[in-house]
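Chemist: need a 3D model of the following:
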Amino acid sequence: MANTIKPHVCNETDSLHCVVVGLPHSLGTPPTLEETYDARSYRAVEEGNYPIESDIVEEMEQLATTLEREGIEVLRPTLIPDYNQLFARDVAFTIDEELFIANMIPEREKEILAYREVFSRIPDEQIVHLPKEVHAEGGDIMLYNDILFMGVTPDKDFDHYKMARTNEAAIRYFTSHFPQKKVIPLQLKKHDSNPEKGVLHLDCAFQPVGRGKALYYPQGFARQEEVELIESIFGKENLFAITAEEAFNLTTNIFSISPNRIIVENEFHRLRAHLENEWNISTISIPYYEISKQGGLLRCSTCPLIRQ
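Modeler: The predicted structure follows:
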């Protein structure tokens, strides 16, 4: 019988011990424009360069192998034939000692069934199913110890965008659930068909790295005062601002396996140089560009269960 897993994740950078990685196989028929539910996929379909499954398999399996080589336990969901299961981050997410099961958008709600085997290893008292009215996906949940950053779309706009994934009810819920934490909502720009004009999740515009440092895309936020709040928390000297082109390539969506070691995409040359030369953080570089065409990258593909 498999060992019990007791979730524990307080931030984005502590040493990773156990993680779920999505599945790249049997993704189903490529979507039509109308069937896409994020702007980056829309662009790929529109331009006729939607990724092929063999390329996606090669990239994601290299991620899983890289993590295992680092001594990390890697779990996978059960395969659902002809169904996209790339992005584990949106199905569930760990905050402190609890694993929260998301209310998925209708196009993806079957994904949760594929995690039964993973969930069965976690004590029932550490699993929380979000109330029906609370919409939150793991890409919008960013942990920074006693601060919980949350990407959010205002209620007045929530039903207007496929790209809106986390609502104001989620802010109220987590503020009540974690009274000891400071919950900071960050409003993101949204656009369903133009990836230059909108951000799918918070981790496509912001992510802490190392100790007391972060990557951010200031133009991805709807409110300048929230950009300034991030700058006041970290200090501008501890922030790496990415460009619009880098944001298109999801450069903030890297994945930390410890405070001093980060997995990045092969083409993130400017970021990699900064991490290694300015912040003394070593990087592991892997190809992940084809997967980015579906609107997510390295952080999106993973659901950490234990960091210590």
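
Chemist: only C-alpha atoms for contact and neighbour calcs from this point on.
Modeler: Will do.

Chemist: restrict the helix or strand of the chain with the lowest mean pLDDT to CA atoms and write it as CSV.
Modeler: Counting by mean pLDDT, DSSP states H and E, the weakest-scoring helix or strand in the chain turns out to be helix 155-158, with a mean of 80. What follows is helix 155-158 as a C-alpha-only set of coordinates in CSV (Å, rounded to 0.1, in the frame of the first residue of the first chain):
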residue,chain,number,x,y,z
ASP,A,155,-17.8,39.8,-10.2
LYS,A,156,-19.1,42.4,-12.7
ASP,A,157,-16.6,40.9,-15.3
PHE,A,158,-16.4,37.3,-14.2
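
Chemist: what's the top helix by length along the chain packed up against?
Modeler: Longest helix in the chain, counting residues (DSSP state H): helix 53-69. In terms of contacts (3 or more C-alpha pairs under 8 Å, 6 or more residues apart in numbering; DSSP states H and E), helix 53-69 is packed against strand 73-75, strand 282-286, helix 289-292.

Chemist: what's near enough to touch R43?
Modeler: S193, N194, P195 (C-alpha atoms under 8 Å, 6 or more residues apart in numbering).

Chemist: and T243, by the same measure?
Modeler: Taking C-alpha under 8 Å, 6+ apart, one finds Y217 in contact with T243.

Chemist: which strand or helix spans the nearest residue to V19 once chain neighbours are set aside?
Modeler: Nearest non-adjacent residue to V19, counting by C-alpha to C-alpha, 6 or more residues apart in numbering: P304, 4.2 Å away. According to DSSP states H and E, P304 maps onto strand 302-307.

Chemist: what's that strand in contact with?
Modeler: Strand 302-307 has contacts (C-alpha under 8 Å, 6+ apart) with 5-11, 13-22, 87-89, 92-94, 99.

Chemist: counting neighbours, what do you get for P154?
Modeler: 14 (other C-alpha atoms under 10 Å).

Chemist: begin at 450 from here
Modeler: Renumbered: residue one is now 450, and that last one reads P603.

Chemist: and it, how far from H584?
Modeler: 12 Å (C-alpha to C-alpha, to the nearest Å).

Chemist: right, and Q629 touches D595 too?
Modeler: Yes - the pair Q629 / D595 is scored as a contact, 7.2 Å apart, by C-alpha atoms under 8 Å.

Chemist: the two: who's more crowded?
Modeler: A direct count of neighbours by other C-alpha under 10 Å for Q629 and D595 places D595 higher, at 14 against 10.

Chemist: contact partners for the more buried one?
Modeler: Q629, K630, K631.

Chemist: list phi and psi for it.
Modeler: Main-chain torsions, D595, degrees, to the nearest 10: phi -90, psi 0.

Chemist: swap in the one 5 residues further on?
Modeler: As for G600, its main-chain torsions (degrees, to the nearest 10) stand at phi -70, psi 140.
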